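Chemist: starting from these lines, generate the structure:
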Amino acid sequence: MNITLYGSTPATTLVTADSVLQGDKMHVLVTGGAGFIGSHVVALHLARGDQVHVVDDLSTGVRANLLEYEGSPNFRFDEADILTWGRLDRAVAWADRIYHLAAVVGVYRVLAEPTKVLATNIAGCERLLRAAHDGGWKPQIVIASSSEVYGHNNEEVLHEDQDLSVSTRAGTRWGYSVSKIADEALGLSYAQRFGIPAVIARFFNTIGPRQVGRYGMVVPRFVAQAVADEPITVFGGGQQTRSFCDARDTVVALDALASRIGADTQVVNVGNDREISILELAELVIARAGSHSEIKHVALQEAYGENFEDIRRRRPALDKLRALTGFKHQYTLERTIDELIAIERQRHPKKERDGYRPLVRPESQCAA
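Modeler: Residues are numbered from 1 along each chain as shown. From the prediction side, this is the model:
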């Protein structure tokens, strides 16, 4: 099957699923590709010589995340809303693989824009899947889901086959969970009904370079506060736990899952199974930064402005990911934090002059 590359770029032949298996270069479409995770997906595929097309409305994504790729002949960017983008059909028909990452994310945005969460996250996913079906070509599709779909399940480890439930006690936050459950259902439905190969990846607290704290992401917020010697604001008691995975590990896992061409559609946890409390995380960041910051506890209601109900635990079972791909993490939490501290210090060079340096520990103490 041959499909020409649309737009002003010279025509080229689309590789088939069989040729992708043999290692030929791919056409990769990334919705939300100017975002934190999306930009790492772009980096991975451009480094391999694949052609990458990004569409992003820049509501949370940042064009600067893609600046280093702008001159590449294999890179193309469109600023557009996935709900109204007029070239979606042609982009989907061109793509061998699609990463659907476009979504309203971040606790603060989810609370502030509950209706947009539902409209963008659900309707955007359905429009993409419908375009894949209508085009007659079956690209590999990676659908970004979230650990939020597990709701208030406080099991020690969260498995993909557990029942999902959401609590309306969580206020407007619950809309995000519902939207991701709906996306999963759409992906599974299109796979079963029309044979569109899909991977549904449930992300667990992805962190790393390019992530910002303004939408509620905890690690970049802690790092910025520690480097500035400001109080580290811990919401609630800090005993809630999370499991953090570097984005560069995340995108390698996504690629490995998507490369299983011909396999049945899978729902898979993607993250790191090392669990740490938020209070311990704050203490770790302070120690790694050699910071003078103190820890300040802030009530959840004060932090989020509503009767907010936090999730106590978030630790993924990764047996399925490892069994399907043989995936192994390359980044420890300490390694990522040290890198983020170094990046933040570049923005605050006075801290280096004052003699504050990241605390470097032996790698033996940094194992995940």
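
Chemist: what secondary structure does the residue positioned nearest the centre of the chain sit in?
Modeler: Central residue of the chain (CA atoms, centre = their mean): Ile37, 4.4 Å from the mean position. The three-state label for Ile37, taken from DSSP: H, G, I helix; E, B strand; the rest coil, comes out as helix.

Chemist: now the one 4 residues further on
Modeler: State at Val41, reduced to three classes by three-state DSSP: helix.

Chemist: mind listing what it touches?
Modeler: By CB atoms under 8 Å, 6 or more residues apart in numbering, Val41 lies in contact with 28, 30, 33, 99, 101, 251, 254. For the C-beta atoms, the positions are set from N, CA and C on the backbone; glycine is no exception.

Chemist: residues touching the lengthiest helix in the chain, excluding its own?
Modeler: The longest helix of the chain (DSSP state H) is helix 174-194. Residues outside helix 174-194 that contact it (CB under 8 Å, 6+ apart) are 103-105, 110, 114, 117-118, 121-122, 125-126, 129, 132-133, 138, 141, 143-146, 148-149, 151, 164, 166-168, 170, 196-198, 200, 264-265, 267.

Chemist: show me which positions of that helix end up buried.
Modeler: Residues of helix 174-194 classed as buried by neighbour count (16 or more other CB atoms under 10 Å): 174-184, 186-188, 190-191.

Chemist: so which of the contacts of helix 174-194 sit within helices?
Modeler: Filtering the contacts of helix 174-194 for helices - DSSP H - leaves 110, 114, 117-118, 125-126, 129, 132-133.

Chemist: now, among the residues you listed, which is nearest to Arg312?
Modeler: The nearest member of the ones in helices among the contacts of helix 174-194 to Arg312, counting by CB to CB, is Val110 at 18.7 Å.

Chemist: model confidence for the closest one, exactly?
Modeler: Confidence at Val110, expressed as pLDDT, is 65.

Chemist: what's the first helix or strand after the worst-scoring helix or strand of the chain on mean pLDDT?
Modeler: Using mean pLDDT, DSSP states H and E, helix 17-21 stands out as the lowest-scoring helix or strand of the chain, at a mean of 42. Remark: after helix 17-21, the chain's next helix or strand is strand 27-31, criterion DSSP states H and E.

Chemist: so for stretch 211-222, mean pLDDT?
Modeler: The pLDDT scores in stretch 211-222 average 85.

Chemist: what are the C-alpha coordinates of it, in CSV please?
Modeler: Extracted in CSV, the C-alpha atoms of stretch 211-222 (Å, rounded to 0.1, in the frame of the first residue of the first chain):
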residue,chain,number,x,y,z
GLN,A,211,8.6,19.3,33.0
VAL,A,212,7.3,22.4,34.8
GLY,A,213,5.6,22.8,38.1
ARG,A,214,3.0,25.4,37.3
TYR,A,215,0.2,22.8,36.7
GLY,A,216,0.8,21.0,39.9
MET,A,217,3.7,18.6,39.1
VAL,A,218,5.4,18.0,42.3
VAL,A,219,9.1,17.2,41.4
PRO,A,220,9.9,20.4,39.4
ARG,A,221,8.1,22.4,42.1
PHE,A,222,10.2,20.9,44.9
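
Chemist: gap between it and the chain center?
Modeler: Centre-to-centre, stretch 211-222 and its host chain are 13 Å apart (CA atoms, centre = their mean, to the nearest Å).

Chemist: still on that earlier bit, least confident pick among the buried residues of helix 174-194?
Modeler: The lowest pLDDT within the buried residues of helix 174-194 belongs to Trp174, with 76.

Chemist: which positions within stretch 246-265 qualify as buried?
Modeler: 246-258, 265.

Chemist: which among those residues gets closest to Arg335?
Modeler: Proximity to Arg335 was ranked across the buried residues of stretch 246-265 by CB to CB; first place goes to Asp246, at 7.7 Å.

Chemist: in strands, which of the contacts of Val41 appear?
Modeler: Those of the contacts of Val41 mapping onto strands are 28, 30, 99, per DSSP state E.

Chemist: the second one is in contact with Ala95, isn't it?
Modeler: When you say that, I think you mean Val30. No - using CB atoms under 8 Å, Val30 is not in contact with Ala95, being 9.3 Å away.

Chemist: tell me, what's touching those two both at once?
Modeler: Common neighbours of Val30 and Ala95 (CB under 8 Å, 6+ apart) are His53.

Chemist: so Leu46 belongs to a helix, correct?
Modeler: Yes - counting by three-state DSSP, Leu46 is found in a helix.

Chemist: so who does it touch?
Modeler: By CB under 8 Å, 6+ apart, the contact set of Leu46 is 52, 69, 72, 74-75.

Chemist: list only buried entries from the residues you listed.
Modeler: Among the contacts of Leu46, those classed as buried by 16+ other CB under 10 Å are 52, 69, 74-75.

Chemist: still on that earlier bit, now, among the ones in helices among the contacts of helix 174-194, which is nearest to Val285?
Modeler: Using CB to CB, Val110 comes nearest to Val285 of these, at 24.0 Å.

Chemist: check which residues of stretch 75-82 are buried.
Modeler: Across stretch 75-82, burial judged by 16+ other CB under 10 Å covers 75-78, 80, 82.

Chemist: is it possible to export the residues you listed to TSV including secondary structure and pLDDT?
Modeler: Output for these, formatted as TSV (DSSP: H, G, I helix; E, B strand; the rest coil; pLDDT from 0 to 100):
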residue	secondary structure	pLDDT
Phe75	strand	98
Arg76	strand	98
Phe77	strand	98
Asp78	strand	97
Ala80	coil	97
Ile82	coil	93
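
Chemist: give me the domain ranges for the chain.
Modeler: As assigned by automatic domain parsing, the chain contains the domains 17-206+245-270, 218-240+274-314+331-358.
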